[in-house]
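Novice: curious how this folds, go ahead:
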Amino acid sequence: MKMRAMVSLVAAAAVLAACSSSDDDPVREPDTKDGSQLVQISPLTGERLENGLPDHAPFVVKIDNTRAATPQTGLDQADLVVEETVEGGATRLAAIFYSQMPESVGHVRSVRATDIGIAKPASAHIVASGGAPQTFDRLREAQVPIVSEDGGAEGFSRKTGKAAPYNVLVNLRHLTEQIGPVRPSVPYLPWAAADDEATPAPTAVTAASVRFSNFHTTEWTHGEGGWTRANGIAQPEFMARNLLVLFADEVDAGYRDPAGNPVPETNFVGSGRAVVFAGGGVIEGTWSKRDHASQIQLVDGSGTPIELAPGKTWIELVNNSTADVNWR
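Specialist: Here you go, the predicted model:
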């Protein structure tokens, strides 16, 4: 049974890779180094890859973001993280792993329909503990493959001493042995070719506060090396070169969690307000995304494209009507 499920995942990945290509958002072709050696660019960080793209699939791991799941494990090895709203005003992380595949990541929780727009640009498999039947139907319709503990996939374990459902870990290195290589078809974000070609942020800042709801606010500080969460629960913390706050419309996903809370869905397509913390500065502007599989585009207040310095990025995907962001 597990073997049949894994074969289905591999087939779905092949279909996804074929269907998610776009002429408008191509992965940057390899650069020529010293007139001969070809150096490729990571679609998820914009960094030069001297040894070429990884020979495995990208994974979006759903990670709990409440104190009950402390500590978050392996998060610092992700290439890009998206924080999204879930029921009850809490948030959950969708951490994208591609350049590194740690043996212990967690604590893993369930999938949401919001994850379609997060996973598609990376051509990624979603790794989750499980999910609602309605959400699994949406993922199948969107051709997003999922690796689920509830579905019998291998590579999951339970941490001793922690209560369920806050104790699930996944071994991504094990998953790479089961799933063939998948290459992201578009750059996830508009990367500058080099640090000195990135769009400068005119207003200097040292701290930011992103309020998702009355229940949750993520606090950020900028120091040597980048942005880190001041109230994070990861050991060690993820450090972001770029911190993006993207405002998007939120709708009711059409079902409730076991506690009776309506489950939200953030529509990660279209356009909205963007606040870009690039290095130690901030740029206000707009984000846009043609469809779920497309690259995220950024422009400033005058409509000039924003290009980000290569490096790790954290995206705060917030509700357009209720969230807020402040900085100093």
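
Novice: burial check on residue 142, number of neighbours?
Specialist: Using other Cβ atoms under 10 Å, residue 142 has 16 other residues around it. C-beta: built from backbone N, CA, C; applies to glycine.

Novice: likewise residue 57?
Specialist: Neighbours of residue 57 (other Cβ under 10 Å): 29.

Novice: what residues are up against it?
Specialist: Contacts were defined as Cβ atoms under 8 Å, 6 or more residues apart in numbering; by that measure residue 57 touches 13, 123, 124, 125, 175, 176, 179, 180, 181, 182.

Novice: per-residue pLDDT, residue 229?
Specialist: Residue 229 is assigned a predicted lDDT (pLDDT) of 98.

Novice: my bad, should have said residue 225
Specialist: 87.

Novice: torsion angles phi and psi at it?
Specialist: phi 100, psi -20 (degrees, to the nearest 10).

Novice: swap in residue 177?
Specialist: In terms of degrees, to the nearest 10, the main-chain angles of residue 177 are phi -80, psi -20.

Novice: repeat for residue 136
Specialist: The phi/psi pair for residue 136 (degrees, to the nearest 10) is phi -60, psi -40.

Novice: ok, back up a step: which of the contacts of residue 57 sits closest to residue 115?
Specialist: Checking the contacts of residue 57 against residue 115 with Cβ to Cβ, the nearest one is residue 124 at 9.3 Å.

Novice: test my guess that the closest one contacts residue 59.
Specialist: Yes. Counting by Cβ atoms under 8 Å, residue 124 touches residue 59, with 5.9 Å between them.

Novice: okay, and the common contacts of those two?
Specialist: 96, 98.

Novice: ok, back up a step: who wins on neighbours among the contacts of residue 57?
Specialist: Neighbour-wise, those (other Cβ under 10 Å) top out at residue 124, 27 neighbours.

Novice: so residue 253 makes contact with residue 112?
Specialist: Yes. Applying Cβ under 8 Å as the test, residue 253 and residue 112 come out as touching, 7.2 Å apart.

Novice: the more surrounded of those two?
Specialist: Taking neighbours as other Cβ under 10 Å, residue 253 and residue 112 compare with residue 112 leading, 27 against 20.

Novice: was I right about that one contacting residue 91?
Specialist: No. If you go by Cβ under 8 Å, residue 112 and residue 91 don't touch, sitting 11.0 Å apart.

Novice: which neighbours do the two share?
Specialist: Applying Cβ under 8 Å, 6+ apart, one finds that residue 112 and residue 91 are jointly contacted by residue 84.
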